[in-house]
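[1] Dropping a prediction and its sequence here:
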Amino acid sequence: MRQIGVEFGSRIVSVGPPPSASPPATPQAQERKQQRSQKHMKLSLWDTAGQETYKSVTRSYFRGASGALLVFDITRRDTFIHATDWLHDLRQIAEDGIVIVLVGNKSDLAASDGDRRAVSVSEAEAWCRQNDIMAYVETSAKNGEGVEKAFLEVANRIYENIEKGLYDLNDRRSGVKGAGTGNTARTVNLGMNSGAGTGRGGCC
């Protein structure tokens, strides 16, 4: 579904500790294993791109987001620089403690013979540390490399926060919803961006 400057989608991912290969030795261990088994989480994805034209519209989609993929183009330094602006907007509007992953897209162009990288991994990681961002992941929208990792980084951290009781699952304003009747997955509002190919970096 596409609106002005916004595209919506959803997907279900597995979160939590992976199942153990060895069978539990006792019934009590079996029960503990079931309690620790992986859960399913439905991510509602709001892709607001990074176009300045739509910024006033797309900022409204930050509200209620519990996680975000802040994306820039590793071959265009200006998109990396503008990530700071998007991060500021995001933290002003989104939920407190929003889980954010910085994503450097177009890693396939850095891996090619004609390396077009304009932002190094070490610089991006340093930016994450300075801005209290949980992780940096490089992806390629062209070949899919790293994309699953980016989603799982955010989803698993949100799952950890759910287990710690940091979200009110009954709050209608919250970006995290408990599993409803007939629904086996929690629903999480997750922002992302495909605007790394535009003139600016983008968010959510």
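    Okay, I see it.
[2] Tell me the secondary structure of Ile12, please.
    With DSSP: H, G, I helix; E, B strand; the rest coil as the basis, Ile12 sits in strand.
[3] going on from the strand or helix carrying Asp78, what's the next piece of helix or strand?
    Assigned by DSSP states H and E, Asp78 belongs to helix 77-81. Note on helix 77-81: by DSSP H and E, the next helix or strand toward the C-terminus is helix 83-93.
[4] what packs against that next one?
    Helices and strands touching helix 83-93, by 3 or more Cβ pairs under 8 Å, 6 or more residues apart in numbering; DSSP states H and E, are strand 67-73, strand 99-105, strand 202-203. For glycine as for every other residue, the C-beta is placed from the backbone atoms N, C-alpha and C.
[5] Buried residues in the longest helix seen in the chain, which are they?
    Assignment by DSSP state H gives helix 147-163 as the longest helix of the chain. Neighbour-count burial for helix 147-163, counted by 16 or more other Cβ atoms under 10 Å, picks out 147, 150-159, 161-162.
[6] ok, the nearest residue to Asp115 once chain neighbours are set aside - contacts?
    Spatial nearest neighbour of Asp115, chain neighbours left out: Leu109 (7.6 Å); criterion: Cβ to Cβ, 6 or more residues apart in numbering. Neighbour list for Leu109: 74-75, 115-117 [criterion: Cβ atoms under 8 Å, 6 or more residues apart in numbering].
[7] need the residues you listed in JSON lines with secondary structure, can you?
    As requested, the contacts of Leu109 are exported to JSON lines (three-state DSSP):
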{"residue": "Ile74", "secondary structure": "coil"}
{"residue": "Thr75", "secondary structure": "coil"}
{"residue": "Asp115", "secondary structure": "coil"}
{"residue": "Arg116", "secondary structure": "coil"}
{"residue": "Arg117", "secondary structure": "coil"}
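[8] out of those residues, which is most surrounded?
    With neighbours defined as other Cβ atoms under 10 Å, the most crowded of the contacts of Leu109 is Ile74; it has 25 neighbours.
[9] Just want the phi and psi numbers for that one.
    Ile74 adopts backbone torsions of phi -70, psi -10, taken as degrees, to the nearest 10.
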